[in-house]
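1. could you look at this predicted model? Sequence included:
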Protein chains: 2
Amino acid sequence: MSNTGAPLDVIAASLRRERERVGLSLSELAKRAGIAKSTLSQLESGSGNPSVETLWALGVALGVPFSRLVDPPTPRVRVIRAGEGPAIYSERAHYTATLLASCPPGARRDIYLLNLEPGPPRDSEPHMPGTVEHVIVSSGRMLAGPRAEPVELGPGDYLLYPGDIPHTAQALEPGTSALLVSEHV
Amino acid sequence: MSNTGAPLDVIAASLRRERERVGLSLSELAKRAGIAKSTLSQLESGSGNPSVETLWALGVALGVPFSRLVDPPTPRVRVIRAGEGPAIYSERAHYTATLLASCPPGARRDIYLLNLEPGPPRDSEPHMPGTVEHVIVSSGRMLAGPRAEPVELGPGDYLLYPGDIPHTAQALEPGTSALLVSEHV
DNA sequence: TCCAATCGTTCGGCTTGACGAACACTCTCC
DNA sequence: GGAGAGTGTTCGTCAAGCCGAACGATTGGA
């Protein structure tokens, strides 16, 4: 999380955003969180400096982690072809580093190593809301991304897509391996 | 972040831990954060339900993100050789996924694609405290890890090491590429 | 030994967040 | 049209967080 910006405004916006995402009314959320709806109203209007307990209760009631309430939102689908990414520094000729994805505040990223062989696509149902997945192909070729619009990837290609909608993965060549970074919240 | 556990106890412990890590006295920290030392004393003793503004001020004064105050700590050095990791699910014979690193709460992970050629090692000075780096080799061979105890890695190998101590990276073969995930906070 | 400085804790006060009731408002349904 | 249930807002009251001062304990130097 960044320590910049006014936390109270961010919290106000986050509360409203998350509440509407879940589809709860202000009154209903207040009831579930066990706080007065007047309190919640003031929080969403930006006036107010909630205590930890209050915010915590709201986080639990909304089913979102604390962090998401004190930090801003995120992106959609992106592909960076091998060699395309911005090489942020190449101190020496024999070294380059490419920033594929700067992690948004409060996010959690689990790292998986995938080994796939050609066959029927491996479909995944939506994960929890806010989940984003990154795929970086090491070798072989594969088809990955949202089930509605999969992308073909080769070695070194990078793909970003929402993990909270149906998505798929399928090897196009034997011995395909890739790295999957699942980012939730 | 997990929504489990009593947030106030966690905060109490985190505050004391971070303050002692920085080497500040309770009085000094209170002064820098612009809050009464009595308030801080009560917070560290577990009694108290701080407001967001108070916690935020403490986070800024301590130079740590909000998240670290409401969530627990982390690990050290680990190597998972290609094929060694626990394959958590292999629904079909042509697919395996290996969990390399489960992301600790509140952490941020930036993803870099590295392309290295053999040459002198690329030394890095320590990053901010709490930083952890993950390296997964796609092709070639490389030497990476803490400068004091680098590890040789081949395709598919995974390495975890602290990023807040001097560390290094060096290609052992032409065309070596790897993924670097830098996890801070 | 005594004084001074700093440590962290405890005690009244003032401020403020949280609560509950009353409010205006919109829709639905009889 | 009017009763009803829902929305989100505003207001007065009470409790609690925050503050500042005073406290005992500890350390280092004159």
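-> Arrived safely, thanks for sending.
2. for chain A, which segments count as helices?
-> For chain A, the helices defined by DSSP state H cover A:7-22, A:26-33, A:37-44, A:52-62, A:66-70.
3. list, one by one, the residues from chain A near DNA strand C.
-> Selection of chain A residues close to DNA strand C by C-beta under 7 Å from any atom of the strand yields A:34-39, A:42-43, A:48-51, A:53-54. Every residue, glycine included, has its C-beta placed from N, CA and C.
4. swap the cut-off to 6 Å and go again
-> Taking C-beta under 6 Å from any atom of the strand as the contact definition, chain A meets DNA strand C at A:35-36, A:38-39, A:48-51, A:54.
5. any idea which of those the model trusts least?
-> pLDDT across the residues of chain A next to DNA strand C is lowest for A:Gly48, at 85.
6. tell me how chain A divides into domains.
-> Chain A breaks down into these structural domains: A:7-70, A:78-184 (assignment by automatic domain parsing).
7. can I get the ones you listed in TSV including mean neighbour count and distance to B:Ala178?
-> Listed next are those as TSV, based on neighbours: other C-beta atoms under 10 Å in any protein chain shown; distance: least, C-beta to C-beta, whole Å:
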stretch	mean neighbour count	distance to B:Ala178
domain A:7-70	18	29
domain A:78-184	18	9
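8. now A:Leu114. Nearest residue, chain neighbours left out?
-> Using C-beta to C-beta, 6 or more residues apart in numbering or on different chains and skipping residues adjacent in sequence, the residue nearest A:Leu114 is A:Ala178, 4.7 Å away.
9. can you check the pLDDT for the one you found?
-> We have a pLDDT of 81 for A:Ala178.
10. look up how far B:Leu55 lies from it.
-> From A:Ala178 across to B:Leu55, the span is 40 Å (C-beta to C-beta, to the nearest Å).
11. now A:Leu26
-> Separation of A:Leu26 from B:Leu55 (C-beta to C-beta) stands at 25 Å.
12. do A:Glu18 as well
-> Note on A:Glu18: its distance to B:Leu55, by C-beta to C-beta, is 20 Å.
13. ok, back up a step: any chance of TSV for the domains of chain A, columns distance to DNA strand D?
-> Putting the domains of chain A into TSV (distance: least, C-beta to the nearest atom of the strand, whole Å) gives the following:
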stretch	distance to DNA strand D
domain A:7-70	3
domain A:78-184	19
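14. among those domains, show the one with the smallest mean pLDDT.
-> Ranked by mean pLDDT, those bottom out at domain A:78-184, with a mean of 70.
15. re the thing from before, using CSV, lay out the helices of chain A together with distance to chain B.
-> Formatted as CSV, those follow (distance: least, C-beta to the nearest C-beta, whole Å):
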stretch, distance to chain B
helix A:7-22, 5
helix A:26-33, 12
helix A:37-44, 10
helix A:52-62, 5
helix A:66-70, 5
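16. select, out of these, the one closest to A:Asp164.
-> helix A:7-22 (10.7 Å; C-beta to C-beta).
17. contacting residues around the closest one?
-> A:26, A:29, A:40, A:43-46, A:48-50, A:55, A:58, A:62-64, A:68-73, A:129, B:52-53, B:56, B:66 (C-beta atoms under 8 Å, 6 or more residues apart in numbering or on different chains).
18. quick revisit: mind listing what the residue nearest to A:Leu114 touches?
-> When contacts are counted by C-beta under 8 Å, 6+ apart, A:Ala178 touches A:113-114, A:116, A:135-138, A:140, A:142, A:144, A:153.
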